[in-house]
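A.B. asks: got a sequence here, can you build the structure:
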Amino acid sequence: MSNTDNGATAHAGAAAAPSINVLGQYLKDFSFENPHAPMSLQPRQASPQINVSVNVNAKPLTPADVEVTLTIEANAGAEADLLFHTEITYAGIFRIQNVPQEHIQPLVMIECPRLLFPFARQIVADATRDGGFPPLLLDPIDFAALYQQNIQRAQAAAAGLQPN
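C.D. replies: Down below sits the predicted model:
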């Protein structure tokens, strides 16, 4: 009888453990532009400046499921001398269970994009390589720092809107 109780207790503990599951991931939108080809493919004296921007959004689908989108935009060169422009929106559906409410937003905005990033990074690298350039290997992104910056920006904006 004690074996049954121990098994039931272990099973109940496992059922209540916090969990995050990837239900699916997919390419939502993708663009690669090489507006000055074939001239942009000529050898250059200097490496172009690369500008990268990253954005994370989340949309609840059910009480336990959320769609997280990771948008990465990258440009090589300046307007008149633009070598390439790429933009990707890569998304995933995540099921989050048994996580305290106060931890859900950081989990969704930090851990979910961290899980999506390697796949989006590979698509960008392949597209730039297939576009005739060396692959653009994006540096790892500190999604915790990005989350904190967004929180600080939101707090500053809210403080600026409040009357003194």
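A.B. asks: which regions of this structure sit below the pLDDT cut-off?
C.D. replies: For the chain, the stretches with pLDDT under 70 are 1-15, 161-164.
A.B. asks: how about the helices of it, start to end?
C.D. replies: Remark: helices assigned in the chain by DSSP state H are 2-15, 101-106, 112-130, 143-161.
A.B. asks: between those helices, which gets nearest to His36?
C.D. replies: Closest to His36 of the helices of the chain is helix 112-130 (Cβ to Cβ; 14.8 Å). Just so you know, the C-beta spots here come from the backbone N, C-alpha and C atoms, and that holds for glycine as well.
A.B. asks: just the buried residues of that closest one, please?
C.D. replies: Under the neighbour-count criterion of 16 or more other Cβ atoms under 10 Å, helix 112-130 has Cys112, Pro113, Arg114, Leu115, Leu116, Phe117, Ala120, Arg121, Ile123, Val124, Ala127, Thr128 buried.
A.B. asks: looking at it, the third one is touching Phe143, isn't it?
C.D. replies: What that stands for is Arg114. Yes. With contact defined as Cβ atoms under 8 Å, Arg114 counts as touching Phe143 (5.2 Å).
A.B. asks: can you count the residues close to the closest residue to Phe133 other than its chain neighbours?
C.D. replies: Of all residues not flanking Phe133 in the chain, Phe84 sits nearest, at 6.3 Å (Cβ to Cβ, 6 or more residues apart in numbering). The burial count assigned to Phe84 is 23, neighbours taken as other Cβ atoms under 10 Å.
A.B. asks: dump the residue contacts of Phe84.
C.D. replies: Contact analysis of Phe84 by Cβ atoms under 8 Å, 6 or more residues apart in numbering lists Phe32, Glu33, Asn34, Ser40, Ala74, Asn75, Ala76, Gly77, Thr128, Gly131, Phe133.
A.B. asks: quick check on these: which are buried?
C.D. replies: Using 16+ other Cβ under 10 Å, the buried ones in these are Phe32, Asn34, Ser40, Ala74, Asn75, Ala76, Gly77, Thr128, Gly131, Phe133.
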